Structures are given as structure tokens and as C-alpha cells.
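Colleague: only geometry, no sequence info:
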């Protein structure tokens, strides 16, 4: 028996051992999670999901990880999916479901397949006039379902064993095909009941590979090639939807073939190889890497691959690009200038085919190399001088390798981490489209659990950390070796630069003291506060020396107004976009 799984490049068979004793819904669901690549499930127990959790624990290839709250369980599944390609979380009915939904919404915005499983009411309670606990007190169990319908691509309410097999398999396969979260509610009394559909190993579901419309693909390639080949100085810009299209390899094929300079949109960082000889940096309008904005915006043709243009990525709608000069390649559509536009043309196939049709053109890359002047190195801090943020990130840069991954929290870390040069195979993740502060703690937990061959370096602001700090305890229980830089500047600095007010100031915590209390002598944990460059250097040396097998928590004390120049510029432009007066009626 085998299950066939889509790896992005091909459909490959995965051997599935026959287990004749697998006759229940709970065992079937656990086995399906294993078959699609899930090895860790993030959960919060509640009376409606306890029996189901027993079956997940009984699956030898699954590891159930209890989180401190549902929001972090969802964020952890998000981080896990970024590394493994799929994630899963399990919560209880309504009170748990509505708590996890913010994380699921973020995963939807970032095109991450998460299987969100909820332990639901007893099947006998459906269709009655009963009022259940964990609800808002109405005899209507659909509130949770209706809420999830807006942030998932498929919803399955399993309150009958007759169609449970079909509903579960459809939900999981839809998550993988659409690269979006799905919702599965399982009645609390069904997990352990045998049923004929589960008496033997189920027929594996099959993820049919998607192929482009051949005529549309050929036409899109021909017109795009003609458009780009007549340009004098074209450029390539990679975006975040390269991930959902599984087109990283095809992107490199195109870059190698055409010789254009390669830039990346901020939310696409980590998806484009920065060690590539044609890589020039981040295109982010007015806050681009030095000289990148000039090269992109002065080009006479640009091919944006998997972009998301929103008010944040466009710096308050201030990008100086013109539609008639651009080719937009989305996961299943190609648009050239103002048109034509070709649907059902898939990104990876399109890029591979286009690579064979483009003439080599390094004009824009030559221009970049002619005008490029390397950025200055931050001045070394004087003895006992307060540590500056740019000095902190100079030292973080020195920590990066192919064995590390960076998680950047919403805030000034977006901008400082964006300037890091990623070595080959160094991971990088942040949540730009949804931008939920606090995301990084759970995401770091999940990513570290999935990518055990990498040491995670998480850059988290104090305001964000206060939202989700509890699950540092779960990192310790999982024996993770993450390095957390807690950047303590006394408030929500990113909000300050958009619109300041007393609401942006937060109560200062003794962050190392908090983590020490969470540690409580159980697990490997090391904390320290640093205020100077010398103290920072000593702390980093500890993380790679005596404390290399510990979770390391470094609280970095910096001035409240110490921000990147990019945040200052970006904040003023976003503020301007937010404060536009109403259009006249």
C-alpha cells in the first residue's frame, strides 16, 4: 500500500505500512497526518478533544506537543508549515477554535497549509435545542464553523461516521492542493468507534499534479519573451508566492539563463538565493537596499514573480513602477503589461519554459555594479557606550550560516533583518502580509521543531514578546537550542514611527527574570542581559561555546528611539497613506 504525495516537482509514492487493527476515525486521522509529512502536532487539551488526543499520542510516528494557549499552537503550526510544507494543530470547540483563529487567518494570508482540528460536540447534540458550555449560550453550534469559513479553504464537520473518511481525506488533500489552512471538527464521541470504512487500510488519496493549459503556456512564454527580449535593461524581482508555487528551482533556472539582476520583495526574503552572483538585494521602494530601488525603478521592463503588492510592501503605495513595463507571474496566471493575461499557466512550468527563450542581457546588472558603493560598517561602540541596534545586527550577521535560520518579528526587526545577507541554505521567515505582533514566539517553536538541523535565531521586540511569551516553556520542554534576542526598547516602536501616543509605551518587564522563572530548573536554558557591545560579544561567544546546546535568551537593552533609518522612512509613508482624507462625494 502506498500514499502518493506531491513534492512540488513530482508525485512520489510513500510506502504506508498496513495496520489491520486500524479501525477507528482517530487512528485514521493520525495516520493521514503522518502520511502527508506531519510529525509534530501542536495542541491545547479541552474536554471535547481529549479522546482524539489519545489516538494522536498512540500513533508512534506522531509527537503531540502541548502549548500554553491556542494562539501559540496555531502560530507553531504556521512556523512548522514554513519548514515542513504542512502543519497541524488541535484545539477544543469554540472557546479553543475562536482563540486559534487569528493564527489560522495569518496562515491563510501567507498561503500555508495548516490542518486545524477541533474536538467538537457529541454527535447526539447536533439538531437538538441544547445549550452547551464553551459556546456563547445559544443552541446553535455553527458559530465556530461560520468563523472558520472566512479563513480556511475547506471545512469538514465530522459528526457522522458514514462520511468521516471522505470528509477528512478531502480536507487534508485540499489543504495541500490549495496551500491554505483547512478546518476539521470531529465530534468528541466518534474518535474511538470502529466503522467498516476504517476496518482496513484506506485507499490512499491521490494528489493529481496540475499541468498548465498548453496553448496558454506557449502563448504566455512567447509574448513574455518578446516583451523582455526587446527591453534594454530588464530586471527580475522575486516575491512571497514563489513558495506556494514551489518554484524556487525554476526561479534559479530563469535567473541563470537571462543574466538579469535579481532583487527580492521584502516578504519574499529567504525564497530567493542571496548567494547567487546576480542577487542585488531587497526592492522595497524608498526603503530598498542601497541602489536596488534605483535599478528596479529605472528599468524598462521588470518581471515580478509571485508578488504581493499591499500598503506595507509598497511603502504606502509609493512604488515608482509602471504597469506597462511589468510582467506579473502569479502561481497560476501570467499578465504582460496591461494585457494579455493567461490563466491556468503555472509558475514553475512557465519560468522553466521562459528560461529557454530569453536572450542573455546583463545591462542592468552591469549598471548596478557600476554605481554600487558598499554600505558602511557601523562604528564600534566605545567602552561602556550604550549598545546600538545597528551594531547588534552587525554581530548577528556574523552568526549566520547554512545551519541557521532567522525568525524576524513584526516591528523594527523587519527592517534590520531584511539587511542581513543570508548564506546558502540559511532559512529566513517573517509574517509581513498579516503582520500580527507576537507571531514569532509560536512560529519559532514550530519552525525549530520542524528544522532540527538548524539553530534558530529569533529577533523579537519587547512589545511583541509580551503577547505570547508563555511558550518559551514549550521550547524548553522540547529541548530546543534557539537563540532569542529580546530587543528591549520600551514599547511598540513600529507604531511610534507610524503614529505616536502614550498607548505605544508598555510596562517594562524583567525579561530574563521571567524566562528564568519559566525555566524553573527544568531543561537547558541560559539568560543574560547586555547593554554594551563588549557584553554582546561575550554573550554570543557563550551561545556557540559552553551554551551551544541550551536555549539562549539574550535581552538587549537599547534606547527607545534607536530605530533603523528604513523604519523612519517607511513609517512616515505608511502614516501618510493611512491619514489620506476621504474622497469627495
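Modeller: All right, it came through fine. The structure displayed is predicted, hence computed values, not measured ones.
Colleague: tell me how this protein divides into domains.
Modeller: Under the assignment named as automatic domain parsing, the residue ranges that make up the domains of the chain are 2-198, 214-371, 389-566.
Colleague: avg pLDDT for the last one?
Modeller: Computed over domain 389-566, the mean pLDDT rounds to 91.
Colleague: please enumerate the strands of the stretch 201-350 of the chain.
Modeller: With DSSP state E, counting those that start in this stretch as the criterion, the stretch 201-350 of the chain has strands at 235-238, 262-264, 279-282, 302-305, 326-330, 333-336, 341-343.
Colleague: check the stretch 401-550 of the chain too.
Modeller: The residue ranges that make up the strands of the stretch 401-550 of the chain, judged by DSSP E, counting those that start in this stretch, are 404-408, 427-429, 455-461, 483-488, 525-530.
Colleague: would you mind giving those as a markdown table with distance to residue 147 and mean neighbour count added?
Modeller: C-beta here means a position set from N, CA and C on the backbone, and glycine is covered the same way. Formatted as a markdown table, the entries for those read as follows, by distance: least, C-beta to C-beta, whole Å; neighbours: other C-beta atoms under 10 Å:
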| stretch | distance to residue 147 | mean neighbour count |
| --- | --- | --- |
| strand 404-408 | 28 | 25 |
| strand 427-429 | 26 | 22 |
| strand 455-461 | 28 | 26 |
| strand 483-488 | 32 | 25 |
| strand 525-530 | 37 | 19 |
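Colleague: residue 210: which of the ones you listed is closest?
Modeller: Shortest separation from residue 210 across the strands of the stretch 401-550 of the chain is recorded for strand 427-429, at 25.6 Å, computed as C-beta to C-beta.
Colleague: contacts for that closest one?
Modeller: Taking contacts as C-beta atoms under 8 Å, 6 or more residues apart in numbering, the residues outside strand 427-429 that touch it are 79, 82-83, 269-270, 404-408, 417, 420, 422, 443, 447, 451, 454.
Colleague: again, only using 6 Å
Modeller: Residues external to strand 427-429 that are found in contact with it (C-beta atoms under 6 Å, 6 or more residues apart in numbering): 82, 269-270, 405-407, 422.
Colleague: tell me how far that strand lies from the chain's centre.
Modeller: Shown here is strand 427-429, whose average C-alpha point lies 8 Å from the average C-alpha point of the whole chain (C-alpha atoms, centre = their mean, to the nearest Å).
Colleague: just checking: what are the partner strands of that strand?
Modeller: When pairs are called by DSSP bridges, strand 427-429 turns out to pair with strand 404-408 (parallel).
Colleague: the inter-axis angle of the partner strand versus strand 483-488?
Modeller: Strand 404-408 runs at 30 degrees relative to strand 483-488, counting by axes from the mean of the first three to the mean of the last three C-alpha atoms, to 10 degrees.
Colleague: next, the angle from strand 404-408 to strand 455-461.
Modeller: Using the same axes, to 10 degrees, strand 404-408 lies at 20 degrees relative to strand 455-461.
Colleague: on that earlier part again, quick one: which two of the contacts of strand 427-429 are the most distant?
Modeller: Looking at the contacts of strand 427-429 by C-beta to C-beta, the two members farthest from one another are 82 and 422, with 14.8 Å of separation.
Colleague: when the two are compared, which one has more neighbours?
Modeller: Relative neighbour count places residue 82 above the other of residue 82 and residue 422, with 26 against 23, counting by other C-beta atoms under 10 Å.
Colleague: any idea which helix or strand carries that one?
Modeller: Using DSSP states H and E, residue 82 falls within helix 70-84.
Colleague: show me what the helix or strand just after that helix is packed against.
Modeller: Read in the C-terminal direction, the helix or strand following helix 70-84 is strand 87-92, with elements assigned using DSSP H and E. Judged by 3 or more C-beta pairs under 6 Å, 6 or more residues apart in numbering; DSSP states H and E, strand 87-92 is in contact with strand 40-43, helix 70-84, strand 114-120.
Colleague: give me the contact list for the longest one.
Modeller: The contact list for helix 70-84, computed with C-beta under 6 Å, 6+ apart, reads 37, 42, 44, 67, 87-89, 91, 96, 99-100, 103-104, 107, 112, 114, 429, 439, 442-443, 445-447, 450-451, 468, 471.
Colleague: what does the pLDDT read for the residue nearest to residue 284 when sequence neighbours are not counted?
Modeller: On the basis of C-beta to C-beta, 6 or more residues apart in numbering, the spatially nearest residue to residue 284 that is not a chain neighbour turns out to be residue 266, at 4.9 Å. Among the per-residue scores, residue 266 holds a pLDDT of 93.
Colleague: related to what we said a few turns ago, want to throw the strands of the stretch 201-350 of the chain into TSV with mean neighbour count and distance to residue 530?
Modeller: TSV is the format used below for the strands of the stretch 201-350 of the chain (neighbours: other C-beta atoms under 10 Å; distance: least, C-beta to C-beta, whole Å):
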stretch	mean neighbour count	distance to residue 530
strand 235-238	28	35
strand 262-264	27	31
strand 279-282	24	28
strand 302-305	27	40
strand 326-330	22	44
strand 333-336	21	49
strand 341-343	17	53
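Colleague: is it true that residue 303 touches residue 236?
Modeller: Yes: at 5.3 Å, residue 303 counts as touching residue 236 under the criterion of C-beta atoms under 6 Å.
Colleague: quick one: the residue lying farthest from the centre of the chain and residue 151, what's the gap?
Modeller: If you look at how far each residue of the chain sits from its centre, by C-alpha atoms, centre = their mean, the farthest one is residue 129, at 41.3 Å. Summarising the geometry, the distance separating residue 129 from residue 151, computed by C-beta to C-beta, to the nearest Å, is 29 Å.
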